[in-house]
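In: give me a 3D structure for the following:
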Amino acid sequence: MNEIVSASNPRLKAGSTYLERSGLQKSEWRVTVFDAPKRQVHVGRVGFMGDVIREFRVEPDGEGATLRQTISFTIMPGFTRPFGWLAEELFVKRMVRKRLVQSCEGAKGLLEGE
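Out: Take a look at the predicted model:
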């Protein structure tokens, strides 16, 4: 489960930083764009994933709003093929999917102000 360990501000805004823990892994994030409630961009560095950019958008869907999260990253920078490909296929993709689902849940809490 993801949790925010510490944050520079009690409420997020552009320039805020926070430390997130997911299992044993910790990552530090900086908010670069904050146009609540429509859009946020968080930039951080996550272990073997390297630099990660998370963009959150809240879009009207007729009955309310939908939260969309776009994430861009490079898996295991520095690893070369074929070992990098094998590790990515057997281990990394599954772990990344699991962490991203947890991260989406954490982001939803952040956006809702929990």
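In: pretty sure residue 105 belongs to a helix, no?
Out: Yes - assessed with DSSP: H, G, I helix; E, B strand; the rest coil, residue 105 lies in a helix.
In: distance of it from residue 90?
Out: Going from residue 105 to residue 90 by Cβ to Cβ, to the nearest Å gives 25 Å. For every residue, glycine as well, the C-beta is placed using N, CA and C.
In: do residue 42 as well
Out: The value you get for residue 42 to residue 90, if Cβ to Cβ is used, is 29 Å.
In: and these two? which has more neighbours close in?
Out: A count of neighbours by other Cβ atoms under 10 Å puts residue 42 above the other of residue 42 and residue 90, at 26 against 9.
In: now the host helix or strand of the more buried one: buried residues?
Out: In this structure, residue 42 sits in strand 39-46 according to DSSP states H and E. Burial within strand 39-46, assessed by neighbour count using 16 or more other Cβ atoms under 10 Å, is assigned to 40-42, 44, 46.
In: can you count the residues close to residue 32?
Out: By other Cβ under 10 Å, the residues close to residue 32 number 14.
In: ugh, typo on my part, it should be residue 4
Out: 15.
In: confirm that it sits in a strand.
Out: Yes - applying three-state DSSP, one finds residue 4 inside a strand.
In: so residue 45 touches residue 27, yeah?
Out: Yes - Residue 45 lies in contact with residue 27 (Cβ atoms under 8 Å); the separation is 6.7 Å.
In: kind regards, and thank you for your time.
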